[in-house]
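Colleague: sequence? don't have it. structure:
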């Protein structure tokens with residue numbers, strides 16, 4: 001009689017126990033198989049979005065050293081096959097990073113609105129293609145939005161813009177950069193440039209803080225601004241960025257095709273000035289545009305690609321020596337997060353070209369060796385977010 005009375009109760013308890021165990025087991029399996037999501041950001045105690053867990057779908061690049069090249073995306077109406085081949089070429093060259101540069105346009109320096117010309121700008125699908133191709137080679141990716149003038153008046157360029165309404169201009173610019181931030185988020189990009197060489201805007205700290213804050217609410221990688229080589233000390237918002245970005249178009253000589261020793265001597269003083277200043281900011285430096293044209297006088301006015309509209313043997317030699325001098329000066333410097341060379345171009349290029357691309361020139365041989373050399377060091381400073 002005892003077992004007849006107690007058996008139903010035991011069976012009910014056993015059933016509950018088995019059901020509870022099944023739930024626990026199912027939860028354990030789901031937890032083990034779960035993958036982190038890059039679409040939702042965690043929220044910290046301060047209420048600010050935190051970086052989502054990284055999804056590693058590619059071979060990992062050593063440390064936070066960026067050795068790469070820029071690819072300018074300038075025409076996409078017929079697809080992006082040309083740029084995919086360029087990314088393949090950079091991977092074969094040995095680069096571990098590719099910076100994809102895209103432009104928004106304003107009519108001239110006084111215009112208040114920017115626009116994206118769709119035949120010249122990638123769609124979101126094309127962005128995904130480009131980034132995935134770089135991923136397949138184990139490369140880091142950065143997106144570099146720039147401003148170009150569609151109909152400049154005289155010698156105008158983005159560094160001297162003076163719109164009639166800064167409110168209007170910054171609102172238009174913010175919409176453009178936020179689009180790039182969304183592309184970066186959706187494709188798990190490592191780095192986003194919030195701007196490049198916008199010299200006349202750099203004193204507007206509050207406006208730039210708003211840009212940076214809104215971009216950070218979308219994008220969770222590293223943020224950098226690319227300052228002009230002669231204006232990096234005037235930027236007012238370095239404290240809110242992760243890397244100090246600067247170009248490298250310094251005057252290195254007084255005469256065309258100088259000896260390597262002259263270039264190295266010039267770099268020694270420039271390096272001292274940069275590093276003395278960098279200590280006051282406390283963030284690693286990324287050289288965002290390193291390059292010299294293969295034409296006579298490139299070491300005198302490295303920013304002036306119209307100095308001579310022709311290439312010579314001496315110009316090719318000068319370009320190669322400028323590459324070598326930069327590498328010797330900055331290699332293994334712990335305050336440097338890397339260097340992005342300007343620029344890789346489609347097609348054969350070669351020694352008759354007098355532009356910046358090293359492709360098919362003596363400078364390519366030097367660059368290939370540098371890319372593929374063993375990394376001798378990494379930044380001693382923390383390369384992290386600045387909230």
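Modeller: Nice, I can see it. Keep in mind that what you see is a predicted model, and the values were worked out from it rather than measured. Numbers count the residues shown, from 1 in each chain.
Colleague: ok now the helix or strand where residue 180 lies, how far from the chain's centre?
Modeller: If you go by DSSP states H and E, residue 180 is part of helix 166-186. Taking Cα atoms, centre = their mean, to the nearest Å, one finds helix 166-186 lying 16 Å from the centre of the chain it belongs to.
Colleague: let me know the secondary structure of residue 69.
Modeller: strand (DSSP: H, G, I helix; E, B strand; the rest coil).
Colleague: that one reaches residue 101, doesn't it?
Modeller: No. Residue 69 is not in contact with residue 101 according to Cβ atoms under 8 Å; the separation is 10.6 Å. C-betas here are computed from N, CA, C, even on glycine.
Colleague: out of the two, which sits in the more crowded spot?
Modeller: The neighbour count for residue 69 versus residue 101, taken as other Cβ atoms under 10 Å, is higher for residue 69 (26 against 21).
Colleague: quick one, what contacts the most centrally placed residue in the chain?
Modeller: Centroid-nearest residue in the chain, with Cα atoms, centre = their mean: residue 142, separated by 3.3 Å. The contact partners of residue 142, taken as Cβ atoms under 8 Å, 6 or more residues apart in numbering, are 66, 68, 97-100, 189-193, 224, 340.
Colleague: swap in 7 Å and give it another go.
Modeller: 97, 99, 189, 190, 191, 192, 193 (Cβ atoms under 7 Å, 6 or more residues apart in numbering).
Colleague: same check on residue 227?
Modeller: 235, 245, 246.
Colleague: out of those, which are inside helices?
Modeller: Per DSSP state H, helices hold no members of these.
Colleague: wait, which of those residues is closest to residue 135?
Modeller: Nearest to residue 135, judged by Cβ to Cβ, of the contacts of residue 227 is residue 245 at 22.8 Å.
Colleague: could you count how many residues lie near that closest one?
Modeller: With other Cβ under 10 Å as criterion, residue 245 counts 29.
Colleague: what's the pLDDT at it?
Modeller: Residue 245 carries a pLDDT score of 98 in this model.
Colleague: residues contacting it?
Modeller: 224, 225, 226, 227, 286, 288.
Colleague: partner residues bridging it?
Modeller: Counting by DSSP bridges, residue 245 is bridged to residue 226, residue 286.
Colleague: quickly note the distance from it to residue 324.
Modeller: Applying Cβ to Cβ, to the nearest Å, the value for residue 245 to residue 324 is 23 Å.
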